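>>> Test case, fold it:
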Amino acid sequence: MTDQPRSEHHVHFPHLPHFHNRPAADGLDEAAPPIEVIDLVSRYGDHLIHDGLNLRVRRGEVLGVVGGSGAGKTVLLNTLIGLKVPDGGVVKIFGQDLGSASTAKWDAIERSWGVLFQQGALFSNLTVKENVAAPMQEHTDLPAKMISELAELKIALTGLPSLAGALKPAELSGGMIKRAALARALALDPQLLFLDEPTSGLDPISAAAFDELIADLSASLHLTVFMITHDLDSLHAICDRVAVIADKKVIAVDTIANLQKLDHPWIKEYFLGPRGRATEDAYPVKERG
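Okay, the predicted model is just below:
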């Protein structure tokens, strides 16, 4: 089956049914930054990965996160979603300190975000539709019929054909796996979307189509997007700002245009090297921020 999305581009997404009332029921602070990291310290054994890392993500932005190999991008993501406990510092999601969150608060926090892992991480023994339905079955009391209808809606929202819902992950192409995993990440109508190398492994045409899908969804669903990527095209095409991890910290968060003015060796090599210059020529300059 093809990786390509259906023919419509920049589609208008209809209003989706929101089946949980986050502000009142969950007690998360909607006025707080979606993500706030304060003086984060991360270690694996004696290896220090982050040392006083700070980051604040603005509501509604698409934030790209870049850094060299071993800079700690994935470690940061795993810390934000609770897969790694910080060795120091504070991590807050919508104002809630993850380190002091109760079980009930954790449930609310997990319902406020969706995660697309690099390889999709779909359950291999479930169909696409069953994968998308799984978070709703775990976190809501919705009737089975409504869960089924919502799962079909999320699948359609990501540009997959309806017949894909009955397929197992092994029957999908790489691009379809990404879209199915995205549909599952959107299952609970999250406000916050984490993407780990979302275009990794895709051909250039499929990667561009996936970037366009993320841009359309983030605008239409009012999502805040935290995206780890090494794809310069993705950074230029859809990111409002880019956070650069180097020297065990976030050394800068800004538009690409402003980052290119900084005198840091890694930033200069990444954005102003041959690949960076070639990519920049293909995109108009953004001064958002």
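
>>> Could you list the low-pLDDT ranges of the protein?
Applying pLDDT under 70 to the chain picks out residues 1-27, 120, 274-289.

>>> Longest helix in it, please.
Counting by DSSP state H, the longest helix found in the chain is helix 204-220.

>>> Check which helices and strands the helix or strand just after it is in contact with.
Helices and strands here follow DSSP states H and E; after helix 204-220, the next one along the chain is strand 224-228. When contacts are defined as 3 or more Cβ pairs under 8 Å, 6 or more residues apart in numbering; DSSP states H and E, strand 224-228 packs onto strand 62-67, helix 73-80, strand 192-196, helix 204-220. For the C-beta atoms, the positions are set from N, CA and C on the backbone; glycine is no exception.

>>> Which stretch among those approaches Asp247 most closely?
Asp247 lies closest to strand 62-67 among those, at 9.8 Å (Cβ to Cβ).

>>> which stretches of this structure form helices?
Under DSSP H, the chain gives helices at 73-80, 103-112, 128-139, 144-157, 174-185, 204-220, 232-238, 256-259, 265-272, 274-281.

>>> looking at those helices, which is closest to Ala31?
Closest of the helices of the chain to Ala31 is helix 103-112, at 13.9 Å (criterion: Cβ to Cβ).

>>> elements contacting that closest one?
Applying 3+ Cβ pairs under 8 Å, 6+ apart, we find helix 103-112 packed against strand 96-97, helix 128-139.

>>> Please work out which of those is packed deepest.
Stretch with highest mean neighbour count among the helices and strands packed on helix 103-112: helix 128-139 (a mean of 21; mean count of other Cβ atoms under 10 Å).

>>> mind checking how far the residue of the chain most remote from its centre is from Ala156?
Centroid-distance maximum for the chain: Asp46 at 29.4 Å, with Cα atoms, centre = their mean. Counting by Cβ to Cβ, to the nearest Å, the gap from Asp46 to Ala156 is 49 Å.

>>> Then Leu122?
To Ala156, Leu122 is 18 Å away according to Cβ to Cβ.

>>> For the two, work out which one has more neighbours and name it.
Leu122 (22 against 16; other Cβ atoms under 10 Å).

>>> OK, contacts around that one?
For Leu122, the contact set (Cβ atoms under 8 Å, 6 or more residues apart in numbering) comprises 128, 131, 169, 177, 180-181, 184.

>>> Of the helices of the chain, which stretch is the most buried?
Taking mean count of other Cβ under 10 Å, helix 174-185 is the most buried of the helices of the chain, at a mean of 24.

>>> okay, the angle between it and helix 144-157?
140 degrees (axes from the mean of the first three to the mean of the last three Cα atoms, to 10 degrees).

>>> Using PDB, write down the CA coordinates of helix 174-185.
Listed next in PDB are the C-alpha coordinates belonging to helix 174-185 (Å, rounded to 0.1, in the frame of the first residue of the first chain):
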ATOM      1  CA  GLY A 174       6.700   2.700   6.900                       C
ATOM      2  CA  GLY A 175       4.700   5.800   6.200                       C
ATOM      3  CA  MET A 176       1.400   4.100   7.200                       C
ATOM      4  CA  ILE A 177       3.000   3.000  10.500                       C
ATOM      5  CA  LYS A 178       3.900   6.600  11.300                       C
ATOM      6  CA  ARG A 179       0.300   7.700  10.500                       C
ATOM      7  CA  ALA A 180      -1.200   4.900  12.600                       C
ATOM      8  CA  ALA A 181       1.000   5.700  15.500                       C
ATOM      9  CA  LEU A 182       0.000   9.400  15.200                       C
ATOM     10  CA  ALA A 183      -3.700   8.400  15.200                       C
ATOM     11  CA  ARG A 184      -3.100   6.500  18.400                       C
ATOM     12  CA  ALA A 185      -1.200   9.500  19.900                       C
END
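
>>> now that helix, how far from the centre of its chain.
12 Å (Cα atoms, centre = their mean, to the nearest Å).

>>> Just the angle for it relative to helix 204-220, thanks.
20 degrees.

>>> what's the angle from helix 174-185 to helix 128-139?
Using the same axes, to 10 degrees: helix 174-185 against helix 128-139 is 20 degrees.

>>> how does this structure divide into domains?
Annotated domains of the chain cover 32-94+191-283, 120-190 [automatic domain parsing].

>>> Relative to Ile109, which of the ones you listed is closest?
Judged by Cβ to Cβ, the one of the domains of the chain that comes nearest to Ile109 is domain 32-94+191-283, at 5.2 Å.
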